[in-house]
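Participant: Quick one, fold the following:
(chains A and B)
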Protein chains: 2
Amino acid sequence: MTPYSSLEARFARLSAIEGAAGILGWDAQTLMPEGAAETRGEQLAALRGLAHEILTAPETADTLAEAEGAGGLDGWPAANLAEMRRSYIHAAAVPRELVEAESRVRSRSEMVWREARRDSDFARLAPHLAELLRLEREIGQAKGAVLGLDPYDALLDGYDPGMRRSIIDPLFADLTSWLPGLIAEARARQAAAGEPLPLDGPFPVETQRQLGLTLMRALGFDEARGRLDISLHPFCGGATDDVRITTRYDETDFSRALMGVLHETGHALYEQGRPAAWRHQPVGSARGMSLHESQSLIVEMQACRSREFMAYLAPLLREAFGRSGPAWEPENLFRLYTRVEPGFIRVDADEATYPAHILLRYRLETAMIAGDLAIADLPGAFNDGMRELLGLTVPDDRRGCLQDIHWPSGAFGYFPTYTLGALSAAQLFKAAKAAEPALPGCLAAGDFAPLRTWLRTHIHERGSLRSTDALLSDATGAPLGTAAFRSHLQARYLGA
Amino acid sequence: MTPYSSLEARFARLSAIEGAAGILGWDAQTLMPEGAAETRGEQLAALRGLAHEILTAPETADTLAEAEGAGGLDGWPAANLAEMRRSYIHAAAVPRELVEAESRVRSRSEMVWREARRDSDFARLAPHLAELLRLEREIGQAKGAVLGLDPYDALLDGYDPGMRRSIIDPLFADLTSWLPGLIAEARARQAAAGEPLPLDGPFPVETQRQLGLTLMRALGFDEARGRLDISLHPFCGGATDDVRITTRYDETDFSRALMGVLHETGHALYEQGRPAAWRHQPVGSARGMSLHESQSLIVEMQACRSREFMAYLAPLLREAFGRSGPAWEPENLFRLYTRVEPGFIRVDADEATYPAHILLRYRLETAMIAGDLAIADLPGAFNDGMRELLGLTVPDDRRGCLQDIHWPSGAFGYFPTYTLGALSAAQLFKAAKAAEPALPGCLAAGDFAPLRTWLRTHIHERGSLRSTDALLSDATGAPLGTAAFRSHLQARYLGA
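Facilitator: Have a look, this model is predicted:
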């Protein structure tokens, strides 16, 4: 057995442990009885601890060094070895005591956050969040020291390999320069056109579920290797060959569940489309969070809120719910699904105002990690930012800085990937349409094969073979920019 | 940290890994998409491999020796340390290469068995089963060498600690002496009384499910720490604080699902009733398979097929299914649920003929492990036994030696625990009634508290504090015997 093949066996074992944790995490969000929470926490901690031990074992380091020294690899195996090294560096950079301390503080902070959000009581969360921030900064410093990065970039690199503030800052500055004007113009146009007609319920859950499954299948979701279930907070999780997406149904409004299913299906297609021969190896993983989000947004925002898609969707909805009339015509659906309206809640935001939520969070979390913003000052800074960026006065912290679980669960450096994903999605969709001119017409006919095939070839099947930047450049001919996103918004919202 | 407390931490971690595997195993039988089977196999193999590594690590052996040497423990901690040693001996006795070889051959054999049973093609299974038997005999020899037992007793000890052929043989010989006569007499009485009235369907699945949940709750199943779901083969699984039972519904016949739910609820009550303070430690585990089966049978057979229970069940059934008339009266239900009729299939057998299926399998598997019965001769020996013990001519191997998964999955030494469980259930139920004379009347009123409380105190909460034999003697005043089972059958089937 060569050093490299011994590493392959080791990382396949890690993949199995991570897959086990993925299914247990899914179960915890969907079916687990409430009394099992503590025991489940212990199960997940045990699996994560074992994975960390295996990954950071001296034997892993020695074998990595041997394999790198032996050389002779190229293509996929070479990229796989580089990804193994990357995983090792991120895991080994953080001392075990710090990993364990962070895990304990995080569990506590997440729990307190649920109550604090419910009661809109930031003070209750503050000490836990401050302690967690202290540990995240330590982790950022520890990783940064090894990676040669500043702490925020080091954390960011854990979610989106290769992503840096130096890439994000100019992109976000550019967005800031034109997005507010575009939003104002879009809103004025929509106000002038009047309100779209509402879709009146009720909409039975089982009908919604069947409709979701129909659309998942049409998009290419493989039901032999995945499931659709229900959870309070929709997500795409599970394991290799076992991709589990969730949604949440509301009998008075089917649209959120429906668009949620389409969004998660985008994530799922990425997971199901990863290179089969490498699916248990690091190089067979999805590249990073911004590219992952691009796959959900290319399906939900680019494809499935398009005028063309509404031509396909409208008759499906009419038949499923037994409705008819002008509210159920494609044009009205298009207007409903492309409303631009600033709001307090990020996860409810439309694609035009969404980046403002991210700009704000990015600004705040970089300041927190840099030590320039104390937890005590977070609510004020959040509310100031909402006023500045979206013109809204936050009424309470529940609808302000307490709304997201990210920071209370230690995820600093994650938020920007949402908007980077939106930019990537626009750029990829534009390239796909250029390569497949029939693509929009196919959407109108419910034929997603051209889009899916293009994404498979250019993104899904390439796994982590190259950097995010290189994958995107290979697929679109240019590095990540804002131009495609701007053109997309102009075309959709300004008729330009 | 003392050696003992370090062992507690190690075994808590093992408990977490086993719990994780329990949930993944449950998921594989209930919800998992078919394409995930291979990956799931890898996940479970990884977890089992890790658990085996942790358990058999030199550090475990050293710390066990230190803790035993240090002394000073008594009561629960002392029993816990003894159970840790037991687990270690069973795991460490088998060389790793043999564990891995057995795991591979077993997976293959289980897969081939499914096809072989479907096609009633024993020849297809035979070479795999022969190879597996060879490995099980090796395992039995390896464990036996360490435990000072013959190979069959060593395997048996893995399922039912402390159980020995020297205990089983006289019990089974006694059963053999009087059970055939009792069956014949019961059948003659039932023939003379005529057929009970059938319960005509259809019975909607959701109604059956709700009825099952109602009875589970009445019996004391804690829904905050467990679930009821559907699987092809009903079982009780999951993890600590997360006990998952399953059943399978048939719209033309609710009785099998219902009795199945009651049976699995008996297992679940044992799991949910284990001592809370020790639930992640070996001493907090259920004692063994015969006592576990006694808990399912005391609920299903002793309590829930009794005349008293029918008084409670009949109105529930009438209301749930909207039926009425003489078929739905307690006496007819009692006659339906206590039919004695020899049949080919073990899992469908009534409580009077069931032991014959076990006597046969015990006879055959002890011979196989001893090297006295070759796989090629198994079908003939099985069919001869069915003729001798139940007077039936087996028409094909599907309804003969291919019907059970136990042997093809390497479970030699498991079968006798079913009948030992039936004997224990009768003995425990008799003791419970003696201690709580109101118990039968409470069953008629749907009040299971007296039975549950007695079982909690005498069995569930005692975990693995003492041996099976000691637990049973403490609870009933006598070691395991056949007298209570015989009296139970005589009372129920012969009116004696």
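
Participant: What strand or helix carries A:D384?
Facilitator: Per DSSP states H and E: A:D384 is located in helix A:378-390.

Participant: packing partners for that helix?
Facilitator: helix A:122-147, helix A:354-370 (3 or more C-beta pairs under 8 Å, 6 or more residues apart in numbering or on different chains; DSSP states H and E). C-beta: built from backbone N, CA, C; applies to glycine.

Participant: if you set the cut-off to 10 Å instead, what comes out?
Facilitator: Here helix A:378-390 touches helix A:122-147, helix A:165-193, helix A:354-370, going by 3 or more C-beta pairs under 10 Å, 6 or more residues apart in numbering or on different chains; DSSP states H and E.

Participant: closest one to B:E131 among those?
Facilitator: helix A:122-147 (49.6 Å; C-beta to C-beta).

Participant: Show me what the closest one is packed up against.
Facilitator: helix A:75-92, helix A:96-119, helix A:151-159, helix A:354-370, helix A:378-390.

Participant: again, only using 7 Å
Facilitator: When contacts are defined as 3 or more C-beta pairs under 7 Å, 6 or more residues apart in numbering or on different chains; DSSP states H and E, helix A:122-147 sits against helix A:75-92, helix A:96-119, helix A:151-159, helix A:354-370.

Participant: can I get the CA coordinates of the lowest-mean-pLDDT helix or strand in chain A in CSV?
Facilitator: When each helix and strand of chain A is scored by mean pLDDT, DSSP states H and E, helix A:96-119 comes last, with a mean of 90. Output of helix A:96-119 as CSV, limited to C-alpha atoms (Å, rounded to 0.1, in the frame of the first residue of the first chain):
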residue,chain,number,x,y,z
ARG,A,96,-7.8,19.9,21.0
GLU,A,97,-8.7,21.8,24.2
LEU,A,98,-9.9,24.7,22.1
VAL,A,99,-12.0,22.5,19.9
GLU,A,100,-13.6,21.0,23.0
ALA,A,101,-14.1,24.3,24.7
GLU,A,102,-15.7,25.8,21.5
SER,A,103,-18.0,22.8,21.2
ARG,A,104,-19.3,23.1,24.7
VAL,A,105,-19.7,26.9,24.6
ARG,A,106,-21.4,26.6,21.2
SER,A,107,-24.0,24.0,22.3
ARG,A,108,-24.8,26.3,25.3
SER,A,109,-25.0,29.4,23.1
GLU,A,110,-27.3,27.8,20.5
MET,A,111,-29.6,26.7,23.3
VAL,A,112,-29.8,30.1,25.0
TRP,A,113,-30.2,31.7,21.6
ARG,A,114,-33.5,29.9,21.0
GLU,A,115,-34.9,31.3,24.2
ALA,A,116,-33.3,34.7,23.7
ARG,A,117,-34.8,35.0,20.2
ARG,A,118,-38.2,33.9,21.3
ASP,A,119,-38.2,36.5,24.0
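
Participant: residues making contact with it?
Facilitator: Residues outside helix A:96-119 that contact it (C-beta atoms under 7 Å, 6 or more residues apart in numbering or on different chains): A:41, A:45, A:52, A:122, A:124-125, A:128-129, A:131-132, A:135, A:138-139, A:142, A:398, A:402, A:405, A:408-410.

Participant: Against chain B, how distant is the residue most central in space within chain A?
Facilitator: Residue closest to the mean C-alpha point of chain A, counted by C-alpha atoms, centre = their mean, is A:E293 at 4.2 Å. Separation of A:E293 from chain B (C-beta to the nearest C-beta, to the nearest Å): 25 Å.

Participant: Tell me who's in contact with A:F11.
Facilitator: A:F11 sits in contact with A:84, A:281-282, where contact means C-beta under 7 Å, 6+ apart.

Participant: redo that, cut-off 10 Å
Facilitator: By C-beta atoms under 10 Å, 6 or more residues apart in numbering or on different chains, A:F11 lies in contact with A:18, A:54-55, A:60, A:80, A:83-84, A:87-88, A:280-284.

Participant: Can you tell me the element it falls in?
Facilitator: Assessed by DSSP H and E, A:F11 sits inside helix A:3-30.

Participant: thinking again about what came up before, mark which of the contacts of helix A:96-119 are buried, thanks.
Facilitator: Neighbour-count burial (16 or more other C-beta atoms under 10 Å in any protein chain shown) applied to the contacts of helix A:96-119 gives A:45, A:52, A:122, A:124-125, A:128-129, A:131-132, A:135, A:138-139, A:142, A:398, A:402, A:408, A:410.

Participant: domain parsing for chain A?
Facilitator: Domain ranges of chain A: A:3-153, A:154-200+A:255-496, per automatic domain parsing.

Participant: Can you say which of those is nearest to B:P161?
Facilitator: domain A:3-153 (24.0 Å).

Participant: helix/strand/coil for the residue in the stretch 251-400 of chain A that chain B sits nearest to?
Facilitator: Taking C-beta to the nearest C-beta as the measure, the stretch 251-400 of chain A has A:H280 as its residue closest to chain B, at 7.5 Å. The assignment at A:H280 comes out as coil when based on DSSP: H, G, I helix; E, B strand; the rest coil.

Participant: got the phi/psi numbers for it?
Facilitator: Dihedral pair for A:H280: phi -100, psi 10, per degrees, to the nearest 10.

Participant: pretty sure it is touching A:T240, no?
Facilitator: Yes. Judged on C-beta atoms under 10 Å, A:H280 makes contact with A:T240 at a distance of 6.5 Å.

Participant: higher neighbour count, these two?
Facilitator: Each of A:H280 and A:T240 has its neighbours counted (other C-beta atoms under 10 Å in any protein chain shown); A:T240 has more, 25 against 21.

Participant: need the contact list for the more buried one.
Facilitator: Under the criterion of C-beta under 10 Å, 6+ apart, the neighbours of A:T240 are A:15-16, A:18-19, A:22, A:225, A:271-272, A:274, A:276, A:279-280, A:284-285, B:36, B:38-40, B:42-43.

Participant: how does it look with 8 Å?
Facilitator: Neighbouring residues of A:T240 by C-beta atoms under 8 Å, 6 or more residues apart in numbering or on different chains: A:15, A:19, A:271, A:274, A:279-280, B:39.

Participant: Alongside chain B, which residues does chain A contribute?
Facilitator: Within chain A, the positions near chain B by C-beta under 8 Å from any C-beta of the partner chain are A:12-13, A:16-17, A:19-20, A:23-24, A:27, A:31-36, A:38-40, A:42-47, A:49-50, A:222-227, A:239-242, A:280.

Participant: Quick one: buried ones out of those?
Facilitator: Neighbour counting with 16+ other C-beta under 10 Å marks A:13, A:16-17, A:19-20, A:23-24, A:27, A:31-33, A:35-36, A:39-40, A:42-47, A:49-50, A:222, A:225-227, A:239-242, A:280 as buried within the residues of chain A next to chain B.

Participant: Contact partners for A:R305?
Facilitator: A:R305 is in contact with A:259, A:334, A:337-338, A:351, A:492, counting by C-beta under 8 Å, 6+ apart.

Participant: how about 6 Å then?
Facilitator: Residues near A:R305 by C-beta atoms under 6 Å, 6 or more residues apart in numbering or on different chains: A:337-338.

Participant: State the number of residues packed around the residue nearest to A:S285 when sequence neighbours are not counted.
Facilitator: The shortest distance from A:S285 to any non-neighbouring residue, by C-beta to C-beta, 6 or more residues apart in numbering or on different chains, is to A:S464 (5.2 Å). Here the number of neighbours of A:S464 (other C-beta under 10 Å) works out to 26.

Participant: Also A:S285?
Facilitator: Neighbours of A:S285 under the rule other C-beta under 10 Å: 21.

Participant: in a strand, that's where A:G237 is, yeah?
Facilitator: Yes. Assessed with three-state DSSP, A:G237 lies in a strand.

Participant: beta partners of it?
Facilitator: Listed by DSSP bridges, the beta-bridge partners for A:G237 are A:R244.
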